[in-house]
Structure formats: structure tokens, C-alpha cells
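Chemist: Have a look; sequence and predicted model below, questions after that.
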Amino acid sequence: MKKTTIGNIKDILGAELIAGDKENYISGISIDSRQTQSSDIFFAIIGENHDAHDFLDDVFNAGCKAAVVSDREAALAAVKGRDVCVLLVDNTVKALQSLAKEYLPRFDIKKFAVTGSVGKTSTRDMLAAVMATRYKTVKPEKNYNNEIGLPLTAFLINEDTKAAVFEMGMEREGEIRLLADIVRPHVAVITNVGSAHIETAGSRGAILRAKLEIAEFLTPDDYLVIYEDGDLLKKASAKGNYHIISVGKDGNSDFILSDICNLGEKGVEFTIEHNYKTQRIKLPVPGEHNAYNAALAIAAASCFGVEPDEAAKGLAGMKITDKRLSIKGNHGIKVIDDTYNASPDSMKAGILTLMSIAGLRRVAILGDMFGLGEQSEKYHREVGEFVGESNLDLLITIGSYAQYINEGSLKGMKDRTKHFNTKGDFIKEIDKIIQKGDVILVKGSRGMKMEQIVKKILE
């Protein structure tokens, strides 16, 4: 973060200085009491499980000299005569967002924002890798795509940054609008519109409207990049007072994918065509679906002059965020760790990736998909039917909803399935089930914590 004074932050936030000297400087933002540096200003966030005001004493003991709080009494109790600065606001999350919104316009940078039901983190990583071939580029640390994480990404920007890629997640309408208002992107990307978060959104139509909030602050000089091979997201449904760039296998798209070659664990190759010029792309990330994500990244980067041949170099050396189709091995077993989250579309993509990798047996360990509401049974059965048609060697399902995946697969899988109510039940039997030579996909929603199974298999 660019160095600034407490007084400047006070003025931006309309805060009350209740302790310390406003002429003091800070050069970083923190919300984690365990990682706060002496030069940071600590925002005391009140979350679902913890109130960071309870850790103010630890923050100051660790050497931090400044904090933004919403609890006057807790803050003053923690100050205890220390030489620290404290700013009081009504809401620390909104204060963090306000500071980020004011901070970003200070820099002349190219701003990208990525959203979508699936593939947004992979596309974000790919776009950052492509832009980095020409520009000093910032992207989120970890999975910072919400009302707190996105502002933290903004503060990674400094004087030598030339481009920034933001990721925007959602559960309901209005959330992406809030994030897009902070960033005001020059290029927005929507990977697809699926069924993730249909429980809170209500319908796929509502999900489409929510995703399109990313374009609400685009100007006539800006761009919306879409993958239009799906059923809802098309140029017609995404039109607005901005340029639209489409990606797809249809010959009418602006960027056309063709000749996709799945290389299994070595990645995927494809050809991209734009303005009658073609470029062969080799991506070191498994999964045919990642060809579409990479094409979106190439299209988005082209808005600022990055040519497909430059993009090819960036993509060839990229790494995907952990727990997203990362392949790990031990004891003669390969594990495809795709445990970060799950939706019907990403489950199917994971199965296709598994089937492209050689092994003595191909095994899928699938957990519950959350956020599907009244349609949970339908979507789990749909995934099961897809598995049943895949020629998988063994399906293991874990959880109450995942039982429907098992039931949906039975026509094709017959006696090649096992169901467990809990991870603990499966782990008790794991040594009897998993064999040397297996290639195993492990996937489920974040709340299932399926990474615990990956850890157990690799022990």
C-alpha cells in the first residue's frame, strides 16, 4: 500500500480520532491480528464467529500502531496509555470498502474484474499470468473475492503496478454491484451462468442478473467479455453501453476456440482464432474446461493490446490456485485435489478431467454440493447420471445430498459405488478401498472440507 497518514484515512472515512497523532504514517492494511505488521493499520472486523475488537490488545502488543474500530469502549480499554492511533467508525467493513474505493483511483492502472458461476478463480489466475507478460500485475492473495477480500486486494497496488485483476463472488443479488462499484473495472469478464447459489438467488435468471451487475459501472470505452456457448449468457442478454467481446466455439464469436486436445495431467492444447489470425495455446493445467477459461483471459487481455502469442507465453508458465484441479501423488496414488468448492457444472468438469488421466482405476470421491436449495436432489441426481455415463471405475459419495449422486449413477455404475454418511465413516474404510495405481478425484462444497480426505489419502 502507498504510504499515507492517519489524518488522511480519518478524512476519507469521516472517522473520529479517539487516540494518537493523526500525523503518523501507515503503509499497510490488516484484518488478521496474527499477521499485522508495525506499519499496518488494523481494521477490527466483526464477523460471524469472531469480533476482532477482542484481539486489539494482541495487535498493539505485537507492535501495530494504528487501528480502525467500531467499539469505542473496547478500543480505549486496549489503548491503556500506549502511543497508538485509533479511528472510530460506525462499521469497519464499510470503512474498509470506502477506503479501497478512494484508494484505487489514485493509480493509473488497467483494472479487470472476473465473475461467473464456475471458473472465475482459474480465469483470474490465467488473466493475471497473461497480463504479467507485459505489465506489473496484481491479483488477489488466497480467495479474496468478497466484501472484505476484494478491498484487501486493492491495497496490494502501489506505484509500480500497471494492471490489477479482481475476482468477484456472490451469493445473492446486489453483492457484485457493491464490489464493482469499488473497482470500477475497465474490463469485466463473466465466465458462465450456472446453478451455484441458486438457493439464495432464487433462479438462474436471477443469477444472470446478479452476474451482469459487474458491468453496471462500465463506460462506453470499456469492455464486457463473455463465454456465450451456454444457454443464458449471450450478447443479446448482456448488451449495454459498452463493448462486448464474445468467446465460444461458434464461428460467430469474436474469439473462436477449436481443435481442443486434452493432454490429461499434462494439460490441454487448443487453437484460438481472432480477426482471421490463429494461435496454438498450450496450457499446463488439466481439464478441457480450462481451455474456455484461458480463451476468456486471452480475450480480456487483448483489450489492452496483449497479443495471443504473448498470451501463449504467459499461460505456458502459469500455476493454478491450490485445491483447484491440482494433482498430487504419493504411494503410487494420484489425487486430483479439487476441494475448494463444488457445483453441478464443476463436478461434471472434474469427472471429465479424471477420465482423461491414465491410471489402473479412476475413482471419484464426491461430497455434498451446497447452495442448491429446493433443487438439491435434482442437481445431485443429474451429476450422478453424468457419472453413470462416464465409465468410471469406482464412485464414492459422502454426505446426505451426495446419496442422490450415488442413486443417480446406479444405472451405469451398477455395483461400482459406495456411499458413506460422513467423512469419518469413509476414513475408517479408506485402506480397504483405495489401491496403489488409483487416480482419484476428490471434490465437494467448501463446507464439506473434503481436503481432509486428500490429506488422509496422501499420508
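Modeler: Looks like it came in fine.
Chemist: Helix or strand for the residue sitting nearest the centre point of the chain, just tell me which one.
Modeler: Closest residue to the average C-alpha location of the chain: Thr121 at 3.5 Å, with C-alpha atoms, centre = their mean. Using DSSP states H and E, Thr121 maps to helix 120-131.
Chemist: which helices and strands does that helix pack with?
Modeler: Secondary-structure packing of helix 120-131 (3 or more C-beta pairs under 8 Å, 6 or more residues apart in numbering; DSSP states H and E): strand 110-115, strand 137-138, strand 163-167, helix 289-302, helix 308-316. All C-beta atoms are positioned from the backbone trio N, CA, C, and that covers glycine.
Chemist: quick one: Thr123 and Ala113 touch, right?
Modeler: No. Assessed by C-beta atoms under 8 Å, Thr123 is found out of contact with Ala113, at 10.9 Å.
Chemist: Find the residues that touch each one of those two.
Modeler: Common neighbours of Thr123 and Ala113, using C-beta atoms under 8 Å, 6 or more residues apart in numbering, are Val189.
Chemist: now the strands: where do they sit in the stretch 51-200 of the chain?
Modeler: All strands of the stretch 51-200 of the chain, identified by DSSP state E, counting those that start in this stretch, fall at 66-69, 85-88, 110-115, 137-138, 163-167, 187-190.
Chemist: Point out the most buried one among those.
Modeler: Mean neighbour count (mean count of other C-beta atoms under 10 Å) peaks for strand 187-190 among those, with a mean of 29.
Chemist: What strands line up against that strand, and which way round?
Modeler: strand 110-115 (parallel), strand 223-227 (parallel) (DSSP bridges).
Chemist: Export those strands to JSON lines and append columns for distance to Asp51.
Modeler: Formatted as JSON lines, the strands paired with strand 187-190 follow (distance: least, C-beta to C-beta, whole Å):
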{"stretch": "strand 110-115", "distance to Asp51": "30"}
{"stretch": "strand 223-227", "distance to Asp51": "39"}
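Chemist: can you put those strands in JSON lines and add mean pLDDT and distance to Ile182?
Modeler: Shown next, in JSON lines, are the strands paired with strand 187-190 (pLDDT from 0 to 100; distance: least, C-beta to C-beta, whole Å):
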{"stretch": "strand 110-115", "mean pLDDT": "98", "distance to Ile182": "10"}
{"stretch": "strand 223-227", "mean pLDDT": "97", "distance to Ile182": "18"}
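Chemist: So for Ile453, which of the ones you listed sits nearest?
Modeler: When those are compared by C-beta to C-beta, strand 110-115 sits nearest Ile453, at 28.8 Å.
Chemist: relative to strand 163-167, how tilted is the closest one?
Modeler: 20 degrees (axes from the mean of the first three to the mean of the last three C-alpha atoms, to 10 degrees).
Chemist: quick revisit: which stretch among the strands paired with strand 187-190 comes nearest Tyr340?
Modeler: Tyr340 sits nearest to strand 110-115 of all these, at 15.5 Å, using C-beta to C-beta.
Chemist: Tell me how far the closest one lies from the chain's centre.
Modeler: 12 Å (C-alpha atoms, centre = their mean, to the nearest Å).
Chemist: Please enumerate residues in contact with it?
Modeler: Contact partners of strand 110-115, identified using C-beta under 8 Å, 6+ apart, comprise 104, 120, 123-124, 127, 131, 135, 162-170, 176, 179-180, 183-191, 211, 214, 300, 304.
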